[in-house]
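Colleague: Provide a 3D model corresponding to the input given below.
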Amino acid sequence: LLAAIAYSMHVVRLGEYAPRTTAIKLAASKATTEAFLSIALVATLFFVGGSAQSPLPEFVNKIGHEVVEYYNAISSAVMNGSVL
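Modeller: Numbering: from 1, shown residues only. Down below sits the predicted model:
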């Protein structure tokens, strides 16, 4: 339900903003916002996954732990020279 509301707000805002800008600026703005929100989400999950106890729902903690495990695997592969 929250996703539907957020998407609706996005569409309404886009309808107001799009006629006043170029397609390139609109695409750049959209990509920047998506990148910022994605990085913020991964960083939040990383910190949740690294904590011992969290009052958040179990699925959030599990995803956080998976993010930490992925980071550790990539770090290990880079340090061992098997990546790059």
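Colleague: Going by C-alpha atoms from here, please, whenever you check contacts or count neighbours.
Modeller: OK.
Colleague: where does this structure have low pLDDT?
Modeller: 84 (pLDDT under 70).
Colleague: all helices of it, in order?
Modeller: Along the chain, the stretches classed as helices by DSSP state H are 2-17, 23-50, 58-80.
Colleague: Now tabulate these in a markdown table and tack on mean neighbour count.
Modeller: Shown next, in a markdown table, are the helices of the chain (neighbours: other Cα atoms under 10 Å):
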| stretch | mean neighbour count |
| --- | --- |
| helix 2-17 | 11 |
| helix 23-50 | 14 |
| helix 58-80 | 15 |
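Colleague: can you list contacts of stretch 56-75?
Modeller: Outside of stretch 56-75, the residues within contact range by Cα atoms under 8 Å, 6 or more residues apart in numbering are 42, 45-50, 54.
Colleague: With distance to Tyr71 as extra columns, can I get those in JSON lines?
Modeller: Putting these into JSON lines (distance: Cα to Cα, whole Å) gives the following:
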{"residue": "Val42", "distance to Tyr71": "11"}
{"residue": "Leu45", "distance to Tyr71": "11"}
{"residue": "Phe46", "distance to Tyr71": "9"}
{"residue": "Phe47", "distance to Tyr71": "12"}
{"residue": "Val48", "distance to Tyr71": "13"}
{"residue": "Gly49", "distance to Tyr71": "11"}
{"residue": "Gly50", "distance to Tyr71": "11"}
{"residue": "Ser54", "distance to Tyr71": "20"}
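Colleague: separation between the residue most central in space within the chain and Tyr7?
Modeller: Centrality entry for the chain: nearest residue to the mean C-alpha point is Ser38, 2.0 Å, by Cα atoms, centre = their mean. Distance, Ser38 to Tyr7, by Cα to Cα, to the nearest Å: 16 Å.
Colleague: That's all I had, so thanks and see you.
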